[in-house]
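Novice: Quick check, what structure comes out for this input:
(chains A and B)
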Amino acid sequence: MKHIMTINKANLKESAVKGGCGNCQASCQSACKTSCTVANQKCERDEK
Amino acid sequence: MIHKYELNGLYIVLDVNSGGVHIVDKLTYDLLDYAVPPFATECPQEILDKLGGTYDIDELKECYEEIAELYEEKILFSPDEYEKFAKFTTASPVKSMCLHISHDCNLRCQYCFASTGDFGTGRKLMPLEIGKKAIDFLLENSGNRKNLELDFFGGEPLMNFGVVKEIVAYGREREKEYGKTFRFTITTNGTMLNDDSIDFINREMSNVVLSIDGRKEVNDRMRPTAGGKGTYDVILPKFKKLVDGRSKDKDWYVRGTFTKYNLDFSEDVFSLYEAGFDQISVEPVVCDAKYPYALTEEDLPAISAEYEKLAQRLLAQDKAGKHFNFFHFMIDLNQGPCAVKRLRGCGCGNEYVAITPDGDIYPCHQFVGMEEYKMGNLEEGTFNREMQADFAKAHIYNKPNCRECWARFYCSGGCNANNYQYMGDILKSHTLSCEFEKKRVECAIMIQAVKSLERNEAE
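Specialist: Predicted coordinates:
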């Protein structure tokens, strides 16, 4: 494409199908404790 | 739904529901003000009339086709198809815990949400027996979750470090019976660290959060000892020693708080980097607006500008080979959390709880001391499953502002405790916190966009 460059896989929908295993870290346990960002957490599913 | 913004000379378009991130030219950026679904086979004349004076007609037609193609591929204006998952949100296993090992602290940080350590409930240290019961509670209530997270928190956890050690030993012994693994973490102000505690923390703790606010004068103003002395010179060498002795497979962060007194907080982030730390988190203070250091609406432009400045400086440093992580700008656009995780944020009161020295259970550390949110007690063997179910339902589709917000899959509904403290309802978003978060997400994605362009140029 000439005008638009897509920089990622845009796979959120796909992730929902296999998602929800609950193995990832609770976000507040990392380094915040007073705010909440989830998008910076890692997926820890055994088989993706 | 899309969100478009200009930052650092880039035009960025997010497709909210697919997670797609697009870098576009100015023409596309402007065209997206008018080109929305349903798409025609050719660019409608009224759009050409509107933008034809600024852009070449053929270019507009071509760009319109590109937009329509991405729509067909469902990575632009894609539908939100996740609410069906939210409807099934029931209480989860409890797998994560904030253990208030010490409701006492040797510092008197001005902004402390724990009322200088005791959460307004009297200075106490957690007895070993309560700690053991907390371990048992987590093992028994964590269902099929394999990784159990337990953060030693306070007050200052090192004031009760003997019990910390014994709880870790007990957890290591019992985790085998259940085929689970404890991930212990600790948050400390650093003043009491010594060789013994540093060795133990580096051996047993998968993450350690080291509290320091940045520049010496900033830190010492807000984080004095009970006797009123500054702490920077005491903690800095101890933190350095801890970090230098830590193995690469274990996490750590220096973590600071910024307030109205240091709206130029990017200086604090870089001060921490210059002091030898490359894993950094610096966050906005959470406190009542009555305090002089509280962040208020009027600070928003300055804070937004500061986040942008920080992002740009971080990129420039990166290019010079001086890489560091800023916690709130870390984002993986391809391998991040799944959509289901993103519906419900931190998990407080549901998969995450806090335990006080008396064994009281609260939804998280920030709810401690609020009687109306006491969920139970370990000694009494009580746990309010109804309240847990309420927290399980605190997802983005039950938060009116989140439903319509472009950042909902990045912040996942924000901090329930902030919502309650500022708005009186865990489902009502605290607008100022939202604005901070949106700016951080924009910066984080911009950084990824720049890196992506650099990779393309290199290839």
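
Novice: From now on I want contacts and neighbour counts done on CA atoms only, so please keep to that.
Specialist: Will do.

Novice: mind listing what the residue positioned nearest the centre of chain A touches?
Specialist: The centre of chain A sits closest to A:A39, judged by Cα atoms, centre = their mean, with a distance of 5.1 Å. Neighbouring residues of A:A39 by Cα atoms under 8 Å, 6 or more residues apart in numbering or on different chains: B:331-332, B:336-337, B:342, B:409-411.

Novice: could you pick out which of those are near chain A?
Specialist: Filtering the contacts of A:A39 for proximity to chain A (criterion: Cα under 8 Å from any Cα of the partner chain) leaves B:331-332, B:336-337, B:342, B:409-411.

Novice: Format those residues as JSON lines; extra columns: neighbour count and pLDDT.
Specialist: Converted to JSON lines, those look like this (neighbours: other Cα atoms under 10 Å in any protein chain shown; pLDDT from 0 to 100):
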{"residue": "B:I331", "neighbour count": "22", "pLDDT": "92"}
{"residue": "B:D332", "neighbour count": "17", "pLDDT": "89"}
{"residue": "B:G336", "neighbour count": "21", "pLDDT": "88"}
{"residue": "B:P337", "neighbour count": "28", "pLDDT": "90"}
{"residue": "B:R342", "neighbour count": "26", "pLDDT": "92"}
{"residue": "B:F409", "neighbour count": "27", "pLDDT": "95"}
{"residue": "B:Y410", "neighbour count": "25", "pLDDT": "93"}
{"residue": "B:C411", "neighbour count": "26", "pLDDT": "91"}
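
Novice: Among those residues, name the ones in helices.
Specialist: Mapping these onto helices (DSSP state H) picks out B:409-411.

Novice: Tell me, how many residues neighbour B:D33?
Specialist: Neighbours of B:D33 under the rule other Cα atoms under 10 Å in any protein chain shown: 10.

Novice: Tell me how far it lies from B:I67.
Specialist: To B:I67, B:D33 is 12 Å away according to Cα to Cα, to the nearest Å.

Novice: Any residues of chain A in contact with chain B? List them.
Specialist: A:1-13, A:15-16, A:19-20, A:22-32, A:34-43.

Novice: Out of these, which end up buried?
Specialist: Buried members of the residues of chain A next to chain B, scored by 16 or more other Cα atoms under 10 Å in any protein chain shown, are A:3-8, A:10-13, A:15-16, A:19-20, A:22-32, A:34-43.

Novice: What are the contacting residues of stretch B:353-373?
Specialist: Taking Cα under 8 Å, 6+ apart as the rule, stretch B:353-373 contacts A:34, B:94, B:96-103, B:113-114, B:119-121, B:124-127, B:130, B:134, B:348-350, B:352, B:374-379, B:383, B:417.

Novice: Those in helices, which ones?
Specialist: Among the contacts of stretch B:353-373, the residues falling in helices (DSSP H) are B:130, B:134, B:417.

Novice: Kindly reformat the residues you listed as CSV containing distance to B:Q279.
Specialist: Listed next are the ones in helices among the contacts of stretch B:353-373 as CSV, based on distance: Cα to Cα, whole Å:
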residue, distance to B:Q279
B:I130, 33
B:A134, 30
B:A417, 25
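
Novice: Turn the residues you listed into a markdown table, columns for pLDDT, distance to chain A and neighbour count.
Specialist: Listed next are the ones in helices among the contacts of stretch B:353-373 as a markdown table, based on pLDDT from 0 to 100; distance: Cα to the nearest Cα, whole Å; neighbours: other Cα atoms under 10 Å in any protein chain shown:
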| residue | pLDDT | distance to chain A | neighbour count |
| --- | --- | --- | --- |
| B:I130 | 98 | 21 | 22 |
| B:A134 | 98 | 16 | 26 |
| B:A417 | 92 | 8 | 22 |
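
Novice: Could you point out the member of the residues you listed that lies closest to B:R221?
Specialist: B:A417 (26.2 Å; Cα to Cα).

Novice: So that closest one sits against B:I426, correct?
Specialist: Yes - counting by Cα atoms under 8 Å, B:A417 touches B:I426, with 6.6 Å between them.

Novice: Name the residues that touch the helix or strand bottoming out on mean pLDDT in chain B?
Specialist: Using mean pLDDT, DSSP states H and E, helix B:83-86 stands out as the lowest-scoring helix or strand of chain B, at a mean of 89. Residues external to helix B:83-86 that are found in contact with it (Cα under 8 Å, 6+ apart): B:340, B:343, B:393, B:395, B:397.

Novice: cool, stretch B:36-53 as well?
Specialist: Residues outside stretch B:36-53 that contact it (Cα under 8 Å, 6+ apart) are B:31, B:34-35, B:57, B:60-61, B:64-65, B:68, B:71, B:77.
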